[in-house]
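here are the coordinates; sequence isn't available:
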Ligand SMILES: [Zn+2]
């Protein structure tokens, strides 16, 4: 779920906070070129360097790295200084280290009307209790009057699965009402739909982001997803945690509906009952291949909302090593620099949410890949290192980049993203997020085998993690990607096995994730994290010195998109 990191910051970040790259400040960067313990490290990745980078970025001086704050200025300056020290070239536009990310932030401030009607019957709704509604296409006033409501089932239009919930239904001027997750979530093994959408593993069609986009493509004025906790993967408290608030990339190339959000389950049942339908029966119908979207009788949706809308700007930081033979073909490594900034004091009086693991450690990892590659003959293809902003507010930095890429996505060979690395020591496996996306999966298995390791599936594939980190901004546009995320599942740790790996994940998610406890520690054992970074180093080096193009698999939702640009890669 999005969280409002940017909000506290918005005063500082309104309108062109930074016309040019900030001057490099003096920040503590005493990272030795090769750490002393590297001599005994079997890995080319220095755990001491990684620890030091994360320690600096997670220190109080960086104020939790909230976009738009002084924490951003310091973070961006530090990243530029480090990228320079590593020998990278500026990778932004026109030789800049930074690439601006322009955003619009909106908040529903005034609810004059919010209801559905059926004839004389009026069902009023309360924001955050019955519905969570915001706008990615914000204006000061958004009015929807007497809009018909169309039940679109799971709302999937998936030609590669021979599945289409829409038929010839025209959504212009209408409200699209969706079921959450995808059609084979939670069905019995012998159900005809079982496995059509990845079984227990969620596909993109299950994500709310897809549903909102599909509704927008079809001209709907609003898209609402019926919230069911199990199928969503989180409770109503999470779905309604920042009611009415929305961040969107300014000048977005992709369409957006006027209103989007969640409909609380009981309220949805009330709508449906009013129109003469039953939620459970509709879910059964929507799991059938022949299901077609239909209008819910004379049910009409009404909203008259006042919104505050403001512009904001933040920066991605980008460095590169230019390829010697095919510089226009790029391999990209990335992580996000933003974290949760400063919040209310915790029980120890701490206010800074330092994001040491999420994702200072990921950035430390990509810097170690850069340091290693800089020590070798220059690669044939260009290698790009990106530190994104605004991940925690909805993948904003990577999304802005992908909408207006510096290095064409058709010729982006692969993206490797690090977002949270485990700190519990060496592991016998690496956890793969998502499955059946590209043959980078086989490349990762081969690289892991060289380390004497195996690849394990993620722990909770139904949560759709593959669709929830920065790599996805590129993946959804057809770029082959791999995400390594330490919380995707418990690793099989050399010391303690899977049980210890699961315990680390449970502790991190339960106690540290997105709060004051995500702090740097001298007790971290980064040998497992270094193994994961080494995998990316290995795969990057291989791809950067070959003319191979990793292929998307037929089971990828994005294969058609990649195939459409195949001529660019010949
Ligand atoms: Zn993260």
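Happy to help now that I have it. Everything numeric here is computed off the predicted structure, so don't read it as measured data. Residues are numbered from 1 along each chain as shown.

so residue 517 sits right up against residue 508, yeah?
No - checked against C-beta atoms under 8 Å, the pair residue 517 and residue 508 is beyond contact range at 9.0 Å. Where C-beta positions appear, they are placed from N, C-alpha and C, glycine not excepted.

residue 462 and residue 234 touch, don't they?
No - counting by C-beta under 8 Å, residue 462 does not reach residue 234; the two are 11.6 Å apart.

what pairs with residue 313 across the strands?
residue 102 (DSSP bridges).

circling back to that earlier point, the more surrounded of residue 462 and residue 234?
For residue 462 and residue 234, the more surrounded residue by other C-beta atoms under 10 Å is residue 462, and the numbers stand at 19 against 13.

tell me which parts of this structure are close to the ion?
Applying C-beta under 5 Å from the ion, we find that the chain lies next to the ion at 358-359, 419.

list just the nearest of these to residue 198.
Proximity of the residues of the chain next to the ion to residue 198 (C-beta to C-beta) peaks at residue 419, which lies at 21.5 Å.

now the closest one: how far from residue 336?
7 Å (C-beta to C-beta, to the nearest Å).

please apply the same query to residue 269.
38 Å.

neighbour count winner among these two?
More neighbours surround residue 336 than the other of residue 269 and residue 336, with 29 against 16 (other C-beta under 10 Å).

what's the nearest residue to the more buried one if we skip its chain neighbours?
Excluding its sequence neighbours, the residue lying closest to residue 336 (C-beta to C-beta, 6 or more residues apart in numbering) is residue 391, at 3.5 Å.

what's the answer for residue 259, then?
Nearest to residue 259 is residue 222, by C-beta to C-beta, 6+ apart, at 4.0 Å.

correct me if wrong: the one you found contacts residue 144.
Yes - Residue 222 lies in contact with residue 144 (C-beta under 8 Å); the separation is 6.1 Å.

which neighbours do the two share?
175, 258-259, 301, 303 (C-beta atoms under 8 Å, 6 or more residues apart in numbering).

tell me the buried residues in stretch 438-454?
Judged by neighbour count using 16 or more other C-beta atoms under 10 Å, the buried positions of stretch 438-454 are 438, 440-441, 443-444, 447-448, 451, 453.

and the helices in the stretch 251-400 of the chain?
265-275, 279-286, 362-374, 396-403 (DSSP state H, counting those that start in this stretch).

so which of the ones you listed comes closest to residue 204?
That would be helix 396-403 among these, by C-beta to C-beta, at 14.6 Å.

who touches the residue nearest to residue 336 in this structure?
336, 338, 359, 397-398, 419, 469-470.

10 Å instead?
5, 67, 334-339, 355, 358-359, 362, 397-399, 417, 419, 468-470, 473 (C-beta atoms under 10 Å, 6 or more residues apart in numbering).

count of neighbours near the residue in the stretch 51-200 of the chain positioned nearest to the ion?
In the stretch 51-200 of the chain, no residue comes nearer to the ion than residue 65, which is 11.2 Å away by C-beta to the ion. The number of residues packed near residue 65 is 29, by other C-beta under 10 Å.

buried residues, stretch 133-145. List them.
By 16+ other C-beta under 10 Å, the buried positions in stretch 133-145 come out as 133-138, 142, 144.

just the ones of the residues you listed in helices?
If you go by DSSP state H, the buried residues of stretch 133-145 have nothing in helices.

anything in contact with each of residue 419 and residue 336?
Between them, residue 419 and residue 336 share the contacting residues 358-359, 362-363, 388, 391, 469-470, judged by C-beta under 10 Å, 6+ apart.

taking the residues you listed one by one, which sit in strands?
Counting by DSSP state E, the shared contacts of residue 419 and residue 336 place residue 388 in strands.

need the max-distance pair from the shared contacts of residue 419 and residue 336.
Counting by C-beta to C-beta, the most remote pair of the shared contacts of residue 419 and residue 336 is 363 and 469, 13.8 Å apart.

what residues are shared contacts of those two?
Joint contacts of residue 363 and residue 469 (C-beta under 10 Å, 6+ apart) are 334-336, 388, 418-419.

got a list of what the closest residue to the ion within the stretch 401-550 of the chain touches?
Nearest residue of the stretch 401-550 of the chain to the ion (C-beta to the ion) works out as residue 419 at 4.2 Å. Neighbour list for residue 419: 334-336, 357-359, 361-363, 365, 388, 391, 433, 465, 468-471, 483-488 [criterion: C-beta under 10 Å, 6+ apart].

let me know the pLDDT of residue 235.
Looking at residue 235, its pLDDT stands at 87.

what of residue 285?
pLDDT, residue 285: 97.

ok, and the closest non-adjacent residue to it?
Nearest one to residue 285, counting by C-beta to C-beta, 6+ apart, is residue 291 at 5.6 Å.

burial count for that neighbour?
Residue 291 - counted by other C-beta under 10 Å - has 23 other residues nearby.

residue 357 contacts residue 363, doesn't it?
No - the pair residue 357 / residue 363 is not scored as a contact, 11.1 Å apart, by C-beta atoms under 10 Å.

give me the common contacts of the two.
Contacts common to residue 357 and residue 363, judged by C-beta under 10 Å, 6+ apart, are 54, 419.

where does this protein dip in pLDDT?
Applying pLDDT under 70 to the chain flags the ranges 1-42, 253.

okay, now the domains of it?
45-102+315-569, 104-309 (automatic domain parsing).

of those, flag the one that's most buried.
domain 45-102+315-569 (a mean of 21; mean count of other C-beta atoms under 10 Å).

that domain: how far from the chain's middle?
Computed by C-alpha atoms, centre = their mean, to the nearest Å, the separation of domain 45-102+315-569 from the middle of its chain amounts to 11 Å.

how far does it stretch from one end to the other?
The first residue of domain 45-102+315-569 is 32 Å away from its last residue (C-alpha to C-alpha, to the nearest Å).
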